[in-house]
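Novice: quick one, what's the 3D model for this:
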Amino acid sequence: MTPSIIQIAVVTLIAFIYGAEKNAGQILTNMSVTPAWFVGLALGDPVTGLAVGAIVQLMSLGVAAMGGASVPDYPTAAIIGAVVAITSGQEASVGVAAGIAVGMLGLQLDVIAKTANGFLGRASQRFAEEGKYSQMKSVLFLGPVFYGLTAAIPTFAVLLFGADAVNAFLSVMPSWFTTGLSIAAGILPVVGLAMLLSFMPMKKFIAYAIVGFVLAAYLQISILPIALLGAAAAIEYYKSHSNPSVNALDAGGLEDE
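Specialist: Down below sits the predicted model:
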């Protein structure tokens with residue numbers, strides 16, 4: 001099928017809304033199955049949209065952009081996969097394959113959006129220091145727009161030209177540009193984690209951080225068991241410090257005995 005102008009506009013808007021609010025209210029949620037189902041509704045085949053979204057959802061379980069990291073944009077891949085599967089009349093698996101390939105473009109666009117938002121953050125801070133609060137709010141509203149475009153641009157391109165056109169665009173991108181984006185993608189997680197650690201009481205809990213680093217870097221343990229060990233340590237720490245008066249009473253009783 002060939003999507004109509006209205007369908008192209010609606011699907012592009014769905015992609016834009018997902019991209020704009022994936023770091024905010026999450027009305028569509030950051031799960032692949034939800035926007036893909038809405039795309040299926042817009043194109044008249046919600047079952048295929050739901051199937052594509054469910055497959056991509058299973059593929060992306062456990063993948064998260066922690067600390068500012070850029071990961072493949074699976075929800076955008078689900079949106080594009082639903083578009084390809086429905087418009088071409090192919091099976092959901094065919095749409096998923098095309099969606100994942102084109103969705104890799106979202107990884108590069110995410111780096112660009114995060115870099116641009118860094119400039120927006122400094123501009124808004126400058127306006128705040130100058131007391132220009134209306135300009136500050138106007139600048140901050142541009143942030144979600146950039147994120148919305150990271151999903152809307154590849155979706156619109158696929159709707160107009162097909163998945164092959166986006167793949168051709170990726171192939172002609174200069175190596176210096178893609179290399180720069182790869183370097184930025186590697187730096188962003190480090191910067192994000194450094195910012196996160198600056199707000200955490202690391203001096204108080206440095207021993208736990210060292211244990212986690214050893215488990216991950218030297219013992220090559222995956223993140224889930226480390227997180228479970230951290231949760232267990234947090235539970236025990238909370239239990240031992242949640243009621244100091246009771247703990248002191250227990251300690252005194254032991255001393256008397």
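Novice: okay, now Ala152: neighbour count?
Specialist: When neighbours are defined as other Cβ atoms under 10 Å, Ala152 has 24 of them. For glycine as for every other residue, the C-beta is placed from the backbone atoms N, C-alpha and C.
Novice: pretty sure it contacts Val11?
Specialist: No: using Cβ atoms under 8 Å as the test, Ala152 is too far from Val11 to be in contact (9.4 Å).
Novice: Val11: how many residues sit nearby?
Specialist: Count around Val11 with other Cβ under 10 Å applied: 29.
Novice: how far away is it from Leu43?
Specialist: The gap separating Val11 from Leu43 is 7 Å, by Cβ to Cβ, to the nearest Å.
Novice: please apply the same query to Ala78.
Specialist: Taking Cβ to Cβ, one finds Ala78 at 13 Å from Leu43.
Novice: check Tyr238 too.
Specialist: For Tyr238, the distance to Leu43 (Cβ to Cβ) stands at 49 Å.
Novice: so in this structure, which helix runs the longest?
Specialist: helix 92-129 (DSSP state H).
Novice: next one: that one to chain centre, how far?
Specialist: In terms of Cα atoms, centre = their mean, to the nearest Å, the centre of helix 92-129 is found 9 Å from the chain centre.
Novice: tell me what the helix or strand that it is followed by is packed against?
Specialist: Using DSSP states H and E, the helix or strand that directly follows helix 92-129 along the chain is helix 133-161. In this structure, helix 133-161 makes packing contacts with helix 5-21, helix 74-88, helix 92-129, helix 163-171, judged by 3 or more Cβ pairs under 8 Å, 6 or more residues apart in numbering; DSSP states H and E.
Novice: ok, which of those comes nearest Ser222?
Specialist: Distance to Ser222, taken as Cβ to Cβ, is lowest for helix 74-88 among the helices and strands packed on helix 133-161, at 19.5 Å.
Novice: okay, buried residues for the closest one please.
Specialist: 74-87 (16 or more other Cβ atoms under 10 Å).
Novice: pretty sure Tyr133 sits against Ser124.
Specialist: No: assessed by Cβ under 8 Å, Tyr133 is found out of contact with Ser124, at 9.7 Å.
Novice: those two: which is more packed in?
Specialist: The residue with more neighbours, out of Tyr133 and Ser124, is Ser124; 22 against 11, by other Cβ under 10 Å.
Novice: spit out the contact partners of that one.
Specialist: Met136, Val139, Leu140 (Cβ atoms under 8 Å, 6 or more residues apart in numbering).
Novice: give me the low-pLDDT residue ranges for the stretch 1-150 of the chain?
Specialist: Across the stretch 1-150 of the chain, the ranges flagged by pLDDT under 70 are 23-30, 61-72, 103-106.
Novice: test my guess that Ala123 contacts Val139.
Specialist: Yes: Ala123 is within contact range of Val139, at 5.0 Å (criterion: Cβ under 8 Å).
Novice: so between those two, which is more surrounded?
Specialist: Val139 (20 against 16).
Novice: just to revisit the earlier point, out of Tyr238 and Leu43, which sits in the more crowded spot?
Specialist: Each of Tyr238 and Leu43 has its neighbours counted (other Cβ under 10 Å); Leu43 has more, 23 against 9.
Novice: let me see the confidence value for Ser245.
Specialist: What the model reports as pLDDT for Ser245 is 57.
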